[in-house]
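Visitor: sequence-free structure coming up:
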């Protein structure tokens with residue numbers, strides 16, 4: 001939640017946000033978020049609602065839902081993240097500089 005709040009309040013870093021907000025105010029933000037969520041997930045829902053309404057008006061026989069217009073991101077495992085970085089590294093001609101070679105990606 002700290003990262004989302006940092007972005008919403010325009011702080012430069014999470015630590016700056018944490019210094020500016022005490023525990024009581026942070027608890028208030030948590031309560032507010034539970035009532036009125038904010039951030040990219042809500043933006044996706046808002047834009048998906050608009051896109052769905054336009055699509056459904058133009059295609060009355062084939063109805064869609066707002067969720068049909070945005071991708072839900074699933075957390076990636078460490079192996080998936082490393083595989084993605086290795087792919088980018090190879091694509092851009094990078095060099096593997098990891099000290100810990102036990103983190104091997106096939």
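Guide: Noted; the coordinates are in hand. Computed from a predicted structure; not experimentally measured.
Visitor: domain assignment for this protein?
Guide: Domains of the chain are assigned by automatic domain parsing as 1-38, 40-94.
Visitor: mind listing what residue 95 touches?
Guide: residue 89 (C-beta atoms under 8 Å, 6 or more residues apart in numbering). Quick note: C-beta positions are derived from backbone N, CA and C, even for glycine.
Visitor: And residue 67, by the same measure?
Guide: Neighbouring residues of residue 67 by C-beta under 8 Å, 6+ apart: 45, 48.
Visitor: helix, strand or coil for it?
Guide: Applying DSSP: H, G, I helix; E, B strand; the rest coil to residue 67 yields a three-state assignment of helix.
Visitor: quick one: it from residue 78, how far?
Guide: Distance, residue 67 to residue 78, by C-beta to C-beta, to the nearest Å: 28 Å.
Visitor: likewise residue 89?
Guide: 16 Å.
Visitor: and the two? which has more neighbours close in?
Guide: Of the pair residue 89 and residue 78, residue 89 is the one with more neighbours under other C-beta atoms under 10 Å, namely 14 against 9.
Visitor: That one and residue 96 touch, don't they?
Guide: Yes - here residue 89 lies in contact with residue 96, judged by C-beta atoms under 8 Å, at a distance of 6.5 Å.
Visitor: List the buried residues of the top helix by length along the chain.
Guide: In the chain, taking DSSP state H as the definition, the longest helix is helix 40-58. Of the residues in helix 40-58, 44, 48, 52 count as buried by neighbour count, 16 or more other C-beta atoms under 10 Å.
Visitor: I would like the residues contacting that helix, please.
Guide: Helix 40-58 is contacted from outside by 63-70, using C-beta under 8 Å, 6+ apart.
Visitor: if we can go back for a sec, list just the nearest of the buried residues of helix 40-58 to residue 3.
Guide: For those, the closest approach to residue 3 (C-beta to C-beta) belongs to residue 44, at 16.8 Å.
Visitor: residue at max distance from the center of this structure?
Guide: Within the chain, the residue lying farthest from the chain centre (C-alpha atoms, centre = their mean) is residue 61, at 32.9 Å.
Visitor: No further queries at this time; thank you.
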